[in-house]
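*Asks:* what would the 3D arrangement of this be:
(chains A and B)
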2 protein chains.
Amino acid sequence: MEEQVITYIKEHRERLLDDMKKFLSIPSISTDQTYDIHMKEAASFVEDYLTDIGFTTVERMETGGHPLVYASYDGAGEDAPTVLFYGHYDVQPVDPLELWDTNPFDPTVREDRLYARGASDDKGQVFMHLAVFEAYMKVTGGLPVNMKVCIEGEEEVGSPNLYPLLKEHADRFDADLTVISDSGMVENDQPTILYGVKGLTGLEINVKGPNRDLHSGIYGGSVRNPIQALTHILATMKNSNEVVTVKGFYDDVEPLAEEERAQIKNLPSEDFPATTGVKETVSEEGYTAAEHTMGRPTLEINGIYGGYQGEGTKTIIPSEATAKITCRLVPGQDPDHIQNLLEEHILAHAPTGVDVHVKKEAQSAKAYKVEPEHPYIQKAAKSYEKGFGKETVFIRMGGSLPIVEWLDDIYQKPIVLMGFGTPEDRLHAPNESFPLNSFDKGIETLIYYWQEISL
Amino acid sequence: MEEQVITYIKEHRERLLDDMKKFLSIPSISTDQTYDIHMKEAASFVEDYLTDIGFTTVERMETGGHPLVYASYDGAGEDAPTVLFYGHYDVQPVDPLELWDTNPFDPTVREDRLYARGASDDKGQVFMHLAVFEAYMKVTGGLPVNMKVCIEGEEEVGSPNLYPLLKEHADRFDADLTVISDSGMVENDQPTILYGVKGLTGLEINVKGPNRDLHSGIYGGSVRNPIQALTHILATMKNSNEVVTVKGFYDDVEPLAEEERAQIKNLPSEDFPATTGVKETVSEEGYTAAEHTMGRPTLEINGIYGGYQGEGTKTIIPSEATAKITCRLVPGQDPDHIQNLLEEHILAHAPTGVDVHVKKEAQSAKAYKVEPEHPYIQKAAKSYEKGFGKETVFIRMGGSLPIVEWLDDIYQKPIVLMGFGTPEDRLHAPNESFPLNSFDKGIETLIYYWQEISL
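*Replies:* Residues are numbered from 1 along each chain as shown, chains lettered A, B, ... in the order given. As a prediction, this is how the structure comes out:
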């Protein structure tokens, strides 16, 4: 049966690519109000497509922001699992436009890549799912699994309305597993399953000294400098071996298993000095850079400011100084607890003569990890291998995906992160693209997967 | 003879105050080109005044920027010393104008203080000298000393043209001593001679990491954070006991003499927590805050910036981070040598994985100190005591005066810093003022001083 579905795809490839281009040509930039009409246009495209191919329940849900498209199919029967497919139809802004070789909303194929804003993140990958649904519907009259579709329009602005909506309609979105294709493979043509993402917590440190900038000649030597105080605090939080020196920070960290470390060692890895211009990589003492990024918690100062920032000198003791910190967390670590530990550390290391304030950031997320041995994951790996003709690698990611944290919080069901992007896709940047290789093999992979988990 | 001169002042006090108000009413703001016409007006006021009272050589010297007024009197004869009197006719900007109780260029007396921009810094104090010259000229037909007058118009913009001009005309400005009234007394009505000012040196540290801001999820754990690197460097430069921990920093410091420390102890001191809002003062281990500010070198971070400075969080590893540092130096320390020591320290403490650049600031100054026992200083103290009826205190200042460094560099002659301002004058701020008490007693002090050193 899969073979016929695959044949359908092959026979309709050019028309499907044209449809995908139509979807990509809609400038659905969620961050900019002037594109609101195109947001509705993109939502309609998804609605219409799902309706046209045979979904009987297709609905636009208002969120307070950009609408979410919901659809469901329950024709696979009670024995078949129910899948929640999540994706998003909104895209990042395109500036600076002059750096694009072709118009970001005029999808263009060059050297086996489709160039367009959203080609990889995430409209292109959403469309692959639509194509697979179409092929199954047309060839077999239905899908092998029951399906709930959730395509939102606010991912690029942090999905401010999604969690409340999911909570409110928890039954509606409930499923046996979630599948998300909004990530990438470790390299082009290399099947990759993301089985863990990091959590996140953050805070801001503000150090207040005098009630105004002071003349360093009149007051220097008598008044604590808030920048100096801040640097003293920050320097105590992570040492030069990249070890976080906040008491208790690592206490609940789920250790990296030996097999995970072995796996990470064998992964193809980005040449960071070549791609980012750094002189060399650094990492937590006792861990490789890849291990640290994928499987160990991190602490970063994201911003710092205080005093004079102009040309030349200004001989002042500034009134205050501020730093912003976020931590990427791993399984075992509780974001709120870590935030408390950081705050305790900061206040305990506050020098005399200044006031140190900690502002805890509200946005936080627990890390998520699914066992790679879980049947839904193993079947995804198997489908991937059939699609790409290569063994699947399993990775954990240093980034955080709020949707994953929220779904885990509400449902505690496995989340299968099978994305088909590549490191060369230039997400959020000029000349975003998506390889046609991923389009073709990814679609086959999804065809195999729905069949595989229906058994 | 002095008594007659003082009587002249008393008889003409109201007219002299009116003349001073005329001078102060000219908005001679040197930092703003739109006031250029008023700069010429203020220079003309000084020129005309000096000419009218009897100076035969009065000249406007072009500097490339705002003109300098030069005048000389050599009628005191070869046995009398020659004095260089330095002052400036330019003032600071007045914004925010709404914080002034009366217009900054409509000089107004309230509660025995004259309110106007420049009342204390420095037009008011310059005018006191003009009044004394007038009184001597009118009463005695000349001055007891030979006089060279140097009133510049660029002090508030850092006197960019003064040092080259002094060098070029070194003979013309040469004198046995310099007198400057551009500073203050430790408190109202307390005769104060400044016998030392600090030097200055500065640099900027720039830490470069990746060639762009990086996603902290994708790269965090593999790439050194430039802000973290910068805070590590900065934290090694001064410890929490306010001791500079740069090797060699204190090597050439001329120690504070026991008598100086005793003197400092007895000085009236500003209540820093009350005036600046800090919780408490801090100071170099082993020294009081006043000792540290007046007589020990300091290191301040004047500004720091890098990464995200907006609302909320942005999960990046920033591309770079920058800090600005200046040191106030004491006698014995060479600015260039200290700058080199700082650079060596910074580069020696540069973490791996980042590029650390040091940009040395060109502007620097040696500290200056004159022996309080020098006859010209002792006579100034004596005159001060006659003028104010109180014993003079001798202080060293934490600030730096470029003119002092330059005169010392060119002439190595004593510089007498006898200013009549008070801590309440609000220099550079709204509602600048000058006490009439200082006007009256300061003029008497100067009358005594010219007589005193002529003997």
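*Asks:* quick check, central residue of chain A?
*Replies:* Central residue of chain A (Cα atoms, centre = their mean): residue A:401, 4.3 Å from the mean position.
*Asks:* touching, that residue and residue A:198? I think so.
*Replies:* No - at 9.1 Å, residue A:401 does not count as touching residue A:198 under the criterion of Cβ atoms under 8 Å. C-beta: built from backbone N, CA, C; applies to glycine.
*Asks:* and the closest residue to chain B within the stretch 201-350 of chain A, which of the three is it?
*Replies:* Closest approach between the stretch 201-350 of chain A and chain B, counting by Cβ to the nearest Cβ: residue A:217, at 2.7 Å. Residue A:217 falls in the helix class when you classify it by DSSP: H, G, I helix; E, B strand; the rest coil.
*Asks:* pLDDT wise, what is it at?
*Replies:* Predicted confidence (pLDDT) for residue A:217: 91.
*Asks:* OK, contacts around the residue in the stretch 301-450 of chain A positioned nearest to chain B?
*Replies:* Of all residues in the stretch 301-450 of chain A, residue A:399 sits closest to chain B, at 2.6 Å by Cβ to the nearest Cβ. With contact taken as Cβ atoms under 8 Å, 6 or more residues apart in numbering or on different chains, residue A:399 is in contact with A:197-198, A:328, B:215, B:217-218.
*Asks:* in PyMOL, select just the buried ones from those residues.
*Replies:* Those of the contacts of residue A:399 that count as buried under 16 or more other Cβ atoms under 10 Å in any protein chain shown are selected in PyMOL with:
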select buried, (chain A and resi 197+198+328) or (chain B and resi 217+218)
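*Asks:* so how far is residue A:63 from residue A:69?
*Replies:* 11 Å (Cβ to Cβ, to the nearest Å).
*Asks:* so where is chain A shaky, pLDDT-wise?
*Replies:* Within chain A, no range satisfies pLDDT under 70.
*Asks:* residue most distant from the centroid, it?
*Replies:* Each residue of chain A has a distance to the centre, and by Cα atoms, centre = their mean the biggest one is for residue A:218: 50.9 Å.
*Asks:* contacting residues around it?
*Replies:* B:293, B:397-399.
*Asks:* the more surrounded of residue A:69 and residue A:63?
*Replies:* residue A:69 (26 against 17; other Cβ atoms under 10 Å in any protein chain shown).
*Asks:* name the SS class of the more buried one, please.
*Replies:* strand.
*Asks:* any idea how far it lies from residue A:130?
*Replies:* Residue A:69 is 11 Å from residue A:130, by Cβ to Cβ.
*Asks:* repeat for residue A:170
*Replies:* In terms of Cβ to Cβ, residue A:170 sits 25 Å off from residue A:130.
*Asks:* higher neighbour count, the two?
*Replies:* Applying other Cβ under 10 Å to residue A:170 and residue A:130 shows that residue A:130 carries more neighbours, namely 24 against 11.
*Asks:* what helix or strand is the more buried one on?
*Replies:* In the assignment (DSSP states H and E), residue A:130 maps to helix A:123-140.
*Asks:* show me how far that helix is from its chain's centre.
*Replies:* Computed by Cα atoms, centre = their mean, to the nearest Å, the chain-centroid distance of helix A:123-140 equals 23 Å.
*Asks:* export it to PDB, keeping only CA atoms.
*Replies:* Extracted in PDB, the C-alpha atoms of helix A:123-140 (Å, rounded to 0.1, in the frame of the first residue of the first chain):
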ATOM      1  CA  LYS A 123       5.900  26.000   6.100                       C
ATOM      2  CA  GLY A 124       7.900  23.700   3.800                       C
ATOM      3  CA  GLN A 125       7.900  20.900   6.400                       C
ATOM      4  CA  VAL A 126       4.200  21.500   7.200                       C
ATOM      5  CA  PHE A 127       3.400  21.200   3.500                       C
ATOM      6  CA  MET A 128       5.200  17.800   3.300                       C
ATOM      7  CA  HIS A 129       2.700  16.500   5.900                       C
ATOM      8  CA  LEU A 130      -0.200  18.000   3.900                       C
ATOM      9  CA  ALA A 131       1.200  16.200   0.800                       C
ATOM     10  CA  VAL A 132       1.400  12.900   2.600                       C
ATOM     11  CA  PHE A 133      -2.200  13.300   4.000                       C
ATOM     12  CA  GLU A 134      -3.300  14.000   0.400                       C
ATOM     13  CA  ALA A 135      -1.600  11.000  -1.100                       C
ATOM     14  CA  TYR A 136      -3.000   8.600   1.600                       C
ATOM     15  CA  MET A 137      -6.500  10.100   1.200                       C
ATOM     16  CA  LYS A 138      -6.400   9.900  -2.600                       C
ATOM     17  CA  VAL A 139      -4.900   6.400  -2.800                       C
ATOM     18  CA  THR A 140      -6.400   4.600   0.100                       C
END
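*Asks:* can you name the element that comes right after it?
*Replies:* Immediately after helix A:123-140, counting by DSSP H and E, sits strand A:146-152.
*Asks:* picking that back up, so the residue of the stretch 201-350 of chain A closest to chain B makes contact with residue B:402?
*Replies:* No - between residue A:217 and residue B:402 there is no contact under Cβ under 8 Å: 11.8 Å.
*Asks:* between residue A:69 and residue A:63, which contacts overlap?
*Replies:* The contact lists of residue A:69 and residue A:63 share residue A:152, where a contact means Cβ under 8 Å, 6+ apart.
*Asks:* sweet, I'm off.
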